[in-house]
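Trainee: quick one, what's the 3D model for this:
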Amino acid sequence: MRTYWTEHKIKSSIAILLVLLVGYWGYGKLTSKAGDPQYVVTNVQTGTLVTTITGTGQVSSSNQIELKPKASGDVVYVGVTSGQVVRAGTTIVSLDATDAQKAVRDAEVNVQSAQISLQKIKQPADTLSTIQAQNALASAQTSLAKAYDDGWNSVSQTFIDLPGEMAGMQSILYGTDVSKGSQDNISAYNDMIYNIDQNVTTFRDNTATKYKTAVDVYNKNFNDFRMSSRTMGTTSIDSLIQETYATTQLISDSIKSTNDFLNYIRTTLTTQNKQIPASLTSAQASLNTYTNQINSHLTDLLNVKNTLTSSAFSIAEKTASLSKLQSGSDPLDIQSAELNLVQRQNALKDAQTNLSNYYVTAPFDGTVAAVNVKKYDSVSSGTAVATLITSQQFAEISLNEVDVSKVKLGQKATLTFDAIDGLTITGVVSEIDSVGTVSQGVVTYNVKISLDTQDDRIKPGMSVSATIITNTVQDALLVPSTAVKTQGNISYVEIFTPPLSTTTPIATGNQGIATAVLPQQVIVEVGLSDDTSTQIISGLTDGEQVVVRTIAPTGVKTSTTPSLLNAVGGNRAGGSTGGATTRTLRAN
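Mentor: Numbering: from 1, shown residues only. Next up, the predicted model:
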């Protein structure tokens, strides 16, 4: 009986299990997204990025190095003697650094000046500056008003003389005093020498034409002046000044042409030993008077025109200056001042670095084996000034030319040893080869790392692996390096808008999130990267979701369509448009 019930329970359990499996299989068929690709996503995070260089080598138990300055100059200080025990950082030799110190002082002053300039730009306008700008604008407006008043006076003064001058010209050319009533003067003067020189007719006609032109323009201008008043608008006064200046120029041209005509008559009569009419001499005397008056009026009118122009420019300039003062600092001015400050700070760092090159210090504790220079000696960069020996342990590793360019003296390092499990100690870069070693076309450089901790388990000749920290970035935006893709010189990541839900059980598989929606490409600016993470300088914000990896469904192959990055300049697209370029095609 017991056996029967036992077998019965086993069979019942198997049946129930089969039912559950079939049900789960059927449910999976109904909910499966096997035809959609899966996306492994993660969020942008803020963290610390540490970049490193790794190398391998051996441990040495003693170190002898030659100390060399990085600058040239005269020795002004020798701080050690042969056989003396020194600590790390002890000054061995100093060179004359007068010029380098002056460069540092100048750079410090430049930094302070740039800081003050930036502070001044960022500060709002003070009351005094605003009042001064307002007064300057009011003064310019007063000057413009006075210029219009002076312009009206000049026009009025011009029309005091112009009527008399025009009447005088009329009498000189078209009076009858030369012929005593038989013909006008211009014709009578022409006839005096026509039989001698027929070219006189050309002078006559030119004089008559210019006079007629001057008369027509004068009549209109004079009528406009009579219809005007001092209180009319500035635009009308400006137009009247321009018109009067042009009219005066034409009258001046007519007076000159008339005088040239009469001079031609006088010269010809003199050549023929004929008497010069008294009317001709009187006419030329009047023309000289008219010329002086016209030139004076032209000068006054031109000065008024120039004053009006300069006053208008002055008002525009002072208006803009006041507006800028009241609106606050220009963002571009602030950005320029900030950039100038950074440039000055970089120059100071360079000057300080150059100054340090004039001092030779002990890179580690040790004993001075030899001092090769004395005070007042002249040395050049690379000259061995002393030899230092230490019993301190250090690691010597070999790096290629690409990696060694990123390594600098004083950088921290961590070291592990093949022969000692679990031992990790720190060190500092103390020496870098200046000249590499070439072997089979490959250039390598030896780098020595002083060990911060002495451990009896570490023996000379042991294999050592060193990781040198070359850079550290705090509060950096980080994404997995696999999330960053490149196309030419452009780096981009893929995102979903809106982000994929990572909490839906049906949509979430063990390897990613299945969806038929295509991701969007977002151009980013990348910075440093280590083995796993990449710094994002711009293009993303903290917490945004990015695609780390895309998994094509089983039995599906991928086909890549042309990228949209170049089509829109890499700007983010809204909604579900302008997204990723990968589509899926089912295999036959």
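Trainee: surely G461 is within a strand?
Mentor: No: counting by DSSP: H, G, I helix; E, B strand; the rest coil, G461 is not found in a strand; it is coil.
Trainee: number of nearby residues for it?
Mentor: Look at G461: counted by other Cβ atoms under 10 Å, it has 10 neighbours. C-betas here are computed from N, CA, C, even on glycine.
Trainee: then A138?
Mentor: When counting by other Cβ under 10 Å, one arrives at 12 neighbours for A138.
Trainee: counting contacts, what elements does the strand or helix carrying Y148 pack onto?
Mentor: Here Y148 sits within helix 127-174, counting by DSSP states H and E. Counting contacts by 3 or more Cβ pairs under 8 Å, 6 or more residues apart in numbering; DSSP states H and E, helix 127-174 packs against helix 185-194, helix 200-226, helix 234-271, helix 278-327.
Trainee: just so I know, which of these lies nearest L341?
Mentor: Ranking these by proximity to L341 (Cβ to Cβ) places helix 278-327 first, at 21.5 Å.
Trainee: starting at the chain centroid, how far to that closest one?
Mentor: A distance of 44 Å separates the centroid of the chain from that of helix 278-327, by Cα atoms, centre = their mean, to the nearest Å.
Trainee: for the record, mean pLDDT for the next helix or strand after that helix?
Mentor: Heading C-terminal from helix 278-327, the first helix or strand you meet, by DSSP H and E, is helix 331-356. Per-residue pLDDT over helix 331-356 has a mean of 91.
Trainee: okay, now the domains of the protein?
Mentor: According to automatic domain parsing, the chain comprises the domains 32-47+475-586, 65-96+358-389, 106-123+330-356, 131-327.
Trainee: how far does the longest one stretch from start to finish?
Mentor: Separation of the first and last residues of domain 131-327 by Cα to Cα, to the nearest Å is 15 Å.
Trainee: what's the distance between the residue most central in space within the chain and S117?
Mentor: The centroid of the chain falls nearest to S336 when counting by Cα atoms, centre = their mean (7.8 Å). Separation of S336 from S117 (Cβ to Cβ, to the nearest Å) stands at 10 Å.
Trainee: any regions of the protein where pLDDT drops low?
Mentor: Within the chain, the ranges that satisfy pLDDT under 70 run 1-34, 61-63, 125, 328-329, 391, 503-511, 554-588.
Trainee: could you measure I294 against V526, distance?
Mentor: Distance, I294 to V526, using Cβ to Cβ: 76 Å.
Trainee: quick one, which of these two is more surrounded?
Mentor: Per other Cβ under 10 Å, whichever of I294 and V526 has more neighbours is I294, with 22 against 18.
Trainee: which residues sit in contact with the more buried one?
Mentor: By Cβ atoms under 8 Å, 6 or more residues apart in numbering, the contact set of I294 is E165, T248, I251, S252, I255.
Trainee: before we move on, back to that, so which of the helices and strands packed on helix 127-174 gets nearest D36?
Mentor: Nearest to D36 among the helices and strands packed on helix 127-174 is helix 278-327 (54.6 Å), distances taken as Cβ to Cβ.
Trainee: could you tell me the angle between that closest one and helix 127-174?
Mentor: With axes from the mean of the first three to the mean of the last three Cα atoms, to 10 degrees applied, the angle from helix 278-327 to helix 127-174 works out at 160 degrees.
Trainee: so how far is the helix holding Y148 off the chain centroid?
Mentor: That offset, for helix 127-174, works out to 46 Å (Cα atoms, centre = their mean).
Trainee: please apply the same query to stretch 44-51.
Mentor: Relative to its chain's centre, stretch 44-51 lies at 28 Å (Cα atoms, centre = their mean).
Trainee: and for stretch 67-84?
Mentor: Its chain's average C-alpha position is 44 Å from that of stretch 67-84, according to Cα atoms, centre = their mean.
Trainee: same question for stretch 267-285.
Mentor: Stretch 267-285 has its C-alpha centroid displaced from the chain centroid by 75 Å (Cα atoms, centre = their mean).
Trainee: can you give me the neighbour number for the residue lying closest to Y194 once chain neighbours are set aside?
Mentor: In space, and not counting its chain neighbours, Y194 is closest to V200: 6.0 Å by Cβ to Cβ, 6 or more residues apart in numbering. For V200, the tally of surrounding residues (other Cβ under 10 Å) stands at 19.
Trainee: surely V200 and I193 touch.
Mentor: Yes: counting by Cβ atoms under 8 Å, V200 touches I193, with 5.3 Å between them.
Trainee: hey, what's in contact with both of these two?
Mentor: Shared contacts of V200 and I193, defined by Cβ under 8 Å, 6+ apart, comprise I265, T268.
Trainee: OK, contacts around S94?
Mentor: For S94, the contact set (Cβ under 8 Å, 6+ apart) comprises V75, V76, Y77, G79, Y358, Y359, V360.
Trainee: how far away is T54 from D403?
Mentor: Per Cβ to Cβ, T54 is found 8 Å from D403.
Trainee: my error: substitute R549 in the last question.
Mentor: 29 Å.
Trainee: so for these two, which residue has more residues nearby?
Mentor: Remark: of R549 and D403, D403 carries more neighbours, 19 against 14, as counted by other Cβ under 10 Å.
Trainee: tell me the SS of the more buried one?
Mentor: helix.
Trainee: correct me if wrong: it contacts G55.
Mentor: Yes: assessed by Cβ under 8 Å, D403 is found in contact with G55 at 7.2 Å.
Trainee: R266: how many residues sit nearby?
Mentor: A count of neighbours around R266, defined by other Cβ under 10 Å, yields 17.
Trainee: which one of the contacts of S94 sits closest to D149?
Mentor: Y358 (70.6 Å).
Trainee: give me phi/psi at the closest one?
Mentor: Dihedral pair for Y358: phi -90, psi 0, per degrees, to the nearest 10.
Trainee: give me the nearest residue to it, chain neighbours excluded.
Mentor: A97 (3.8 Å).
Trainee: show me where the stretch 1-150 of the chain has strands.
Mentor: Taking DSSP state E, counting those that start in this stretch as the criterion, the stretch 1-150 of the chain contains strands spanning 38-43, 45-60, 63-67, 73-78, 85-86, 91-95.
Trainee: packing partners for the fifth one?
Mentor: For strand 85-86, the helices and strands in contact under the criterion 3+ Cβ pairs under 8 Å, 6+ apart are strand 366-371.
Trainee: give me the buried positions along the strand it packs on.
Mentor: G366, T367, V368, V371 (16 or more other Cβ atoms under 10 Å).
Trainee: isn't the third one up against V86?
Mentor: Yes: contact status for V368 versus V86: in contact at 6.2 Å, counting by Cβ under 8 Å.
Trainee: shared neighbours, the two?
Mentor: Residues touching both V368 and V86 (Cβ under 8 Å, 6+ apart): V80, I92, L388.
Trainee: ok, back up a step: would you turn the helices and strands packed on helix 127-174 into TSV with distance to L399?
Mentor: Conversion of these to TSV gives the following (distance: least, Cβ to Cβ, whole Å):
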stretch	distance to L399
helix 185-194	103
helix 200-226	90
helix 234-271	78
helix 278-327	55
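Trainee: for the contacts of S94, pick the one with the most neighbours.
Mentor: With neighbours taken as other Cβ under 10 Å, the top of those is V360, carrying 27 neighbours.
Trainee: can you report how many residues lie near W152?
Mentor: By the measure other Cβ under 10 Å, the count of residues near W152 is 19.
Trainee: would you mind listing the residues in contact with T426?
Mentor: Going by Cβ under 8 Å, 6+ apart, the list of residues near T426 reads K412, A413, T414, L415, L451, D452, T453.
Trainee: buried subset of those residues as a PyMOL selection?
Mentor: To isolate the buried members of the contacts of T426 in PyMOL, using 16+ other Cβ under 10 Å:
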select buried, resi 412+413+414+415+451
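Trainee: residues near Q157, how many?
Mentor: Around Q157 there are 14 other residues, counting by other Cβ under 10 Å.
Trainee: so what's it up against?
Mentor: H297, D300 are the contacts of Q157 under Cβ under 8 Å, 6+ apart.
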